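In: pasted the sequence and its predicted model underneath.
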Amino acid sequence: VGVWAQFTLLLLAFAILVFCFLRSDFSVVYVAQHSYSLLPWGLKLAAVWGGHEGSLLLWVLFLSGWSALFALRYRRDTDALFPMTLSVLSMITALLLLFVVVWSDPFVRIFPPAIEGRDLNPMLQHLGLILHPPLLYLGYGGLMVAAGVALASLLRGDFNTQSAWVCWRWALPGWCALTLGIILGSWWAYCELGWGGWWFWDPVENASLLPWLSASALLHSLYITRQRGIFRHWSLLLAIVTLILSLLGTLIVRSGILVSVHAFALDNVRAAPLFALFTVLSLAS
């Protein structure tokens, strides 16, 4: 019930932010920075996650949605693995929400409202912005559920073939979403730059490639673990590495450590709390 209540409230918050963009409410700072009254509605929708605050809220929403699906799927199971997994996912979600509320509030308002918005970056006015980021965050969420199962198994002290099967079931759709997101991002770079699409080798763009590589290895290892009961330690290690690399991508893109057209933050205001968040979750894992 708690997980579903969390998902419902996050969905309501995101819907309110979408409504602010669609009606061009420039009293909201985030809307004024990333939208324009004459933008087509499709680009207004994409502009919701075209900046730091909105995209982070979308990622937390997807993670909460994955947790809600997990709770729904195993609501009748009595195995301690499932409530423990939800506890791990809830802890990660709570830390991300703390960062959203304290350092990345998308609902900060200004008075009097701005007369007009700053407009969306012309390079972002593309179908790729509508599809690419949500697929990446959907993939990250699925992989975090798989990592949550692995961490819950560690806490329980028994990572067996059943745990590997559960982990594999949730890692596979996450990997598929992340793969599709990376392919669409490559197509987007090609549309903007032609065969000089060096954005694919941009360090910030590659932040999504790192967890994809570890997740690809994780799927293979989990398949062997659930079939033959071996490679259990490799599966656990790869699940944790995938979680850490997903968080590392968030740190790189949003802390201003690297300057890139794909980076959401070019200042170091959020660098310290982001680094603390990354360190706490990584070391705990």
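Out: Everything's here; your move. Residues are numbered from 1 along each chain as shown.
In: alpha carbons only for contacts and neighbour counts from here, please
Out: Will do.
In: low pLDDT regions in the stretch 101-250 of the chain?
Out: Along the stretch 101-250 of the chain, the parts satisfying pLDDT under 70 run over 195-201, 203-204.
In: do a quick rundown of the helices in it.
Out: Using DSSP state H, counting those that start in this stretch, the helices of the stretch 101-250 of the chain run over 127-156, 161-193, 209-228, 232-254.
In: can you give me the angle the second one makes with helix 232-254?
Out: What that stands for is helix 161-193. On the basis of axes from the mean of the first three to the mean of the last three Cα atoms, to 10 degrees, helix 161-193 is oriented at 30 degrees to helix 232-254.
In: list the buried residues for helix 161-193?
Out: By neighbour count, with 16 or more other Cα atoms under 10 Å as the criterion, the buried positions of helix 161-193 are 161, 163-182, 184-190.
In: could you name the residue of the chain that is farthest from its center?
Out: Each residue of the chain has a distance to the centre, and by Cα atoms, centre = their mean the biggest one is for Pro112: 33.4 Å.
In: list the contacts of the closest residue in space to it that isn't next to it in sequence.
Out: Nearest non-adjacent residue to Pro112, counting by Cα to Cα, 6 or more residues apart in numbering: Ser27, 7.0 Å away. By Cα atoms under 8 Å, 6 or more residues apart in numbering, the residues touching Ser27 are Arg109, Ile110, Phe111, Pro112, Pro113, Ala114.
In: sorry, back to before: of the helices of the stretch 101-250 of the chain, which approaches Phe21 most closely?
Out: helix 127-156 (14.2 Å; Cα to Cα).
In: how close does the closest residue to Leu236 other than its chain neighbours sit to Gly181?
Out: Take Leu236 and drop its neighbours on the chain: the residue closest to it by Cα to Cα, 6+ apart is Ala150, 5.9 Å away. Relative to Gly181, Ala150 is positioned 24 Å away (Cα to Cα, to the nearest Å).
In: then Ile244?
Out: Taking Cα to Cα, one finds Ile244 at 19 Å from Gly181.
In: isn't Leu10 right next to Leu61, touching?
Out: Yes. Counting by Cα atoms under 8 Å, Leu10 touches Leu61, with 5.8 Å between them.
In: what about these two, which has more around it?
Out: Applying other Cα atoms under 10 Å to Leu10 and Leu61 shows that Leu61 carries more neighbours, namely 26 against 20.
In: so which helix or strand takes in the more buried one?
Out: Assigned by DSSP states H and E, Leu61 falls within helix 52-73.
In: can you state the direction angle for that helix and helix 232-254?
Out: For helix 52-73 against helix 232-254, the angle by the same axes, to 10 degrees is 150 degrees.
In: need the residues that contact helix 52-73.
Out: Helix 52-73 has contacts (Cα under 8 Å, 6+ apart) with 3-4, 6-7, 10-11, 14, 17, 30, 48-49, 82, 86, 89-90, 93, 96-97, 100, 104-106, 133-134, 137-138, 140-142, 144-145, 254, 264-265.
In: what about 6 Å?
Out: Under the criterion Cα atoms under 6 Å, 6 or more residues apart in numbering, residues Val3, Trp4, Phe7, Leu10, Val48, Trp49, Ser104, Pro106, Tyr137, Leu138, Gly141, Phe264 lie in contact with helix 52-73.
In: top of those by number of neighbours, please.
Out: Gly141 (31 neighbours).
In: who's in contact with that one?
Out: Leu63 are the contacts of Gly141 under Cα under 6 Å, 6+ apart.
In: ok, 7 Å please
Out: Listed by Cα atoms under 7 Å, 6 or more residues apart in numbering, the contact partners of Gly141 are Phe62, Leu63, Trp66, Gly174.
In: list only buried entries from those.
Out: Members of these classed as buried by 16+ other Cα under 10 Å are Phe62, Leu63, Trp66, Gly174.
In: can you add distance to Arg23 and give these back as a markdown table?
Out: Formatted as a markdown table, the buried ones among the contacts of Gly141 follow (distance: Cα to Cα, whole Å):
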| residue | distance to Arg23 |
| --- | --- |
| Phe62 | 24 |
| Leu63 | 27 |
| Trp66 | 29 |
| Gly174 | 33 |
